[in-house]
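**Student:** Build me a structure from this.
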Amino acid sequence: MKQSEMVEKRHPRLVMIVTDGPVMAGAPSVLGGRTAIHTSVASPPLPPAAIAVSVATGVSPMLHGILTRGTVDSKTYQIRESERRDRRAQAFWDDTDLVVKTINWPAVEGDAQVQNIQSSEEFLELPACLDADIVGVVLPRLARKSSSKELVVETQIQLEQIISKLDIQTSVIIVHRRAHDDATLLESIRPYASTFLVDDNESQIQKIPYLELVGGAAHLLAGVGCPAGVKQPTWSFLESYVPDEPRSFPQIPSTEDTDWSDVIAHVVSNKYEPGITLLTQRFVSLISTAFKKESWEEMEYSGASLIELRGSPFDYWMLVLALDQQGKLEALQSIVEQLEKTYPQKTITTIAKGLIQLDHDKSVEQLQEIEFSKIGIYHAIGAYGRLCLKSGLPKQGEASLLHAIRQGVATSADRAQLANYYHEQKSNEEALRVLRTVGLQRGELSWQVLRLKILVALGLEVEVIQQANQVLSQDSTHSTALSALEKFSS
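**Tutor:** Numbers count the residues shown, from 1 in each chain. Below is the predicted model:
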């Protein structure tokens with residue numbers, strides 16, 4: 001290698017590049033001369049700030065609390081930049097001797113360990129940051145919908161030029177919007193991908209990770225162990241980066257929890273439109289994340305907040321669904337009555353009323369009139385399917401539940417209801433397929449028992465014994481589990 005080339009190579013430990021737009025065409029096997037490992041990411045669409053802080057902390061936006069670049073201050077009720085004190089989880093660089101330089105990184109104002117600059121010329125500024133241990137860049141200008149093919153190609157060229165300047169020992173994580181091989185946007189229920197450049201490793205990631213697991217990888221690649229509460233990935237290309245010492249306990253940041261109900265009440269009563277818009281974006285992102293993780297309590301809070309902020313049909317439905325999944329019947333009754341007064345003619349109102357009480361003849365007639373493919377709020381399709389199955393409309397119920405699964409909006413309850421339908425029809429292979437992981441872990445006991453019945457019907461001895469023992473660990477006298485063990489242990 002020429003001496004001039006050796007001088008150009010820079011050696012940070014980790015470079016992180018985050019955007020909610022596309023930065024490359026398809027999933028190239030080589031990027032900037034480095035072998036690239038790609039995986040889809042299980043995440044709803046999120047603002048770049050939420051993605052970046054999830055990567056830095058290894059936890060969900062529901063935990064770290066940074067959703068947008070700006071926030072509404074809880075004392076002045078004015079918009080300001082998100083700061084270090086707003087972040088409710090530690091970043092991997094906290095209390096280390098790592099030198100951190102970032103460009104457009106959120107929530108680092110007040111973080112003495114981070115040198116951050118704001119720039120719209122990120123790739124021009126980036127080389128000057130490469131003397132740090134950790135480099136982080138957010139590309140906010142690459143909006144998801146406005147990225148042309150030409151911009152994607154141009155961005156990939158700039159990206160590869162930067163990567164080619166890095167030593168092979170520098171690891172790179174890129175979280176970005178997925179694109180087709182021709183650089184057009186890829187519309188998918190999983191809009192994001194994470195690309196890893198680690199040594200010259202060619203390993204592949206089999207199971208699609210949540211965004212937080214990408215954050216766990218960032219910890220390891222930075223030379224920092226994942227503390228308790230941050231899931232540690234077990235990908236083969238990270239094996240040499242896992243530290244030998246026991247996992248530490250996370251720091252609890254000394255930050256005051258914001259009373260968002262008070263902030264919302266203030267901006268709404270004062271008709272402060274910029275604040276309303278920013279808070280709406282915050283809670284839409286939170287409610288989408290909560291739905292993906294089936295965190296119904298968080299979804300209930302975000303739904304109620306959105307109703308105060310704007311009160312759209314989507315906001316009402318998400319609150320209805322959260323209350324239904326938690327079995328909060330009194331609160332559900334109240335919000336459905338409010339929904340009926342506000343949007344009496346909406347399809348979701350008919351579905352929501354069915355969740356409270358099914359008047360068989362009237363309900364069947366109303367449900368038959370609904371075309372599930374035209375339900376505007378996708379998150380309601382599964383509930384509609386469950387109601388159809390309960391009302392004696394099996395074909396309509398099956399079709400809508402399968403559609404919900406294809407759209408990526410099926411809940412565990414949706415999958416369990418459809419699996420039970422298939423089990424009753426003796427289609428147990430289909431039942432197990434749609435059930436997926438539902439009932440595999442502790443949780444709703446009826447789902448675990450349903451899974452056990454399906455496994456028994458399929459004659460899967462090892463799985464039956466494991467599942468039966470799991471059920472019995474929660475109910476030692478459960479007859480279905482005892483019968484299964486008796487049948488398969490003999």
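**Student:** mind checking which helix or strand the residue nearest to residue 381 when sequence neighbours are not counted is in?
**Tutor:** Of all residues beyond its chain neighbours, the one nearest residue 381 is residue 404 (4.3 Å), with distances taken as C-beta to C-beta, 6 or more residues apart in numbering. All C-beta atoms are positioned from the backbone trio N, CA, C, and that covers glycine. Residue 404 belongs to helix 394-406 when assigned by DSSP states H and E.
**Student:** gap between that helix and the chain center?
**Tutor:** For helix 394-406, the distance from its own C-alpha centre to the chain's C-alpha centre is 23 Å (C-alpha atoms, centre = their mean, to the nearest Å).
**Student:** Could I get the full set of helices for the stretch 51-200 of the chain?
**Tutor:** Secondary structure of the stretch 51-200 of the chain by DSSP state H, counting those that start in this stretch: the helices cover 61-64, 122-125, 149-164.
**Student:** What segments of the stretch 101-250 of the chain are strands?
**Tutor:** With DSSP state E, counting those that start in this stretch as the criterion, the stretch 101-250 of the chain has strands at 114-117, 134-138, 171-177, 192-197.
**Student:** The longest one: partners in the sheet, and parallel or antiparallel?
**Tutor:** Next to strand 171-177 in the sheet, as set by DSSP bridges, lie strand 14-18 (parallel), strand 192-197 (antiparallel).
**Student:** Give me the contact list for the last one.
**Tutor:** When you say that, I think you mean strand 192-197. Applying C-beta atoms under 8 Å, 6 or more residues apart in numbering, the external contacts of strand 192-197 come out as 20, 24, 27, 31-32, 34-41, 43, 51, 163, 171-178, 209, 211, 214, 217, 237.
**Student:** Next, the buried residues of stretch 232-249.
**Tutor:** Taking 16 or more other C-beta atoms under 10 Å as the neighbour-count basis, stretch 232-249 is seen to contain the buried residues 232-233, 235, 237-238, 241.
**Student:** Over to stretch 186-205?
**Tutor:** Neighbour-count burial for stretch 186-205 flags 191-198, 201, 205 (criterion: 16+ other C-beta under 10 Å).
**Student:** Would you pull up how far that stretch lies from the middle of the chain?
**Tutor:** Taking C-alpha atoms, centre = their mean, one finds the center of stretch 186-205 at 16 Å from the center of the full chain.
**Student:** Need the contact partners of the helix ranked longest in the chain.
**Tutor:** When secondary structure is assigned using DSSP state H, the longest helix within the chain turns out to be helix 273-293. Contact with helix 273-293 is made by 42-47, 50, 60-62, 67-68, 70-72, 77-79, 210, 260, 263-264, 267-268, 295-296, 298-299, 302-303, 305-306, 309-310, 318, 321-322, 379, 409, as judged by C-beta under 8 Å, 6+ apart.
**Student:** May I see the ChimeraX selection of the buried members of those residues?
**Tutor:** This is the ChimeraX syntax for the buried subset of the contacts of helix 273-293, where burial follows 16+ other C-beta under 10 Å:
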select :42,43,44,46,47,50,60,61,62,67,68,70,71,72,79,210,260,263,264,267,295,296,298,299,302,303,305,306,309,310,318,321,322,379,409
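**Student:** picking that back up, how about CSV for the helices of the stretch 51-200 of the chain, with distance to residue 400 added?
**Tutor:** Below are the helices of the stretch 51-200 of the chain laid out as CSV (distance: least, C-beta to C-beta, whole Å):
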stretch, distance to residue 400
helix 61-64, 29
helix 122-125, 44
helix 149-164, 36
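**Student:** Phi first, then psi, for the nearest residue to residue 177 once chain neighbours are set aside.
**Tutor:** Distances taken as C-beta to C-beta, 6+ apart put residue 22 closest to residue 177, at 4.5 Å, once the chain neighbours are dropped. With angles defined as degrees, to the nearest 10, residue 22 shows backbone torsions of phi -80, psi 140.
**Student:** State the pLDDT value of residue 22.
**Tutor:** Each residue has a pLDDT score; the one for residue 22 is 93.
**Student:** One more: the one 3 residues further on?
**Tutor:** Per-residue confidence for residue 25 comes out at a pLDDT of 95.
**Student:** need the contact list for it.
**Tutor:** Residue 25 is in contact with 152-153, 156, 179-183, counting by C-beta under 8 Å, 6+ apart.
**Student:** Then it would be within a helix, right?
**Tutor:** No. Assigned with DSSP: H, G, I helix; E, B strand; the rest coil, residue 25 falls outside any helix and is coil.
**Student:** From residue 211, how far off is it?
**Tutor:** Shown here: residue 25 relative to residue 211, a distance of 23 Å by C-beta to C-beta, to the nearest Å.
**Student:** again with residue 204
**Tutor:** In terms of C-beta to C-beta, residue 204 sits 19 Å off from residue 211.
**Student:** ok, now residue 13?
**Tutor:** When C-beta to C-beta is applied, the distance between residue 13 and residue 211 equals 21 Å.
**Student:** hang on, the earlier thing: quick one: buried ones out of the contacts of residue 25?
**Tutor:** Burial by neighbour count, judged by 16+ other C-beta under 10 Å, picks out 152, 156, 179, 183 from the contacts of residue 25.
**Student:** Could you check how far the second one is from residue 380?
**Tutor:** Going back to what we said before, that points to residue 156. Residue 156 sits 38 Å away from residue 380 when distances are taken as C-beta to C-beta.
**Student:** same thing with the third one?
**Tutor:** When distances are taken as C-beta to C-beta, residue 179 and residue 380 turn out to be 30 Å apart.
**Student:** The last one now?
**Tutor:** Distance of residue 183 to residue 380, computed by C-beta to C-beta: 34 Å.
**Student:** Could you do the first one as well?
**Tutor:** If you measure residue 152 against residue 380 using C-beta to C-beta, the figure is 34 Å.
**Student:** Next, give phi and psi for residue 377.
**Tutor:** Summarising the backbone geometry of residue 377 under the convention degrees, to the nearest 10, its torsions are phi -100, psi 100.
**Student:** so how many other residues sit close to the nearest residue to residue 353 once chain neighbours are set aside?
**Tutor:** Closest residue to residue 353 apart from its sequence neighbours, by C-beta to C-beta, 6+ apart: residue 336 at 6.0 Å. The burial count assigned to residue 336 is 23, neighbours taken as other C-beta atoms under 10 Å.
**Student:** and residue 336, what is it in contact with?
**Tutor:** Under the criterion of C-beta under 8 Å, 6+ apart, the neighbours of residue 336 are 320, 349, 352-353, 355-356.
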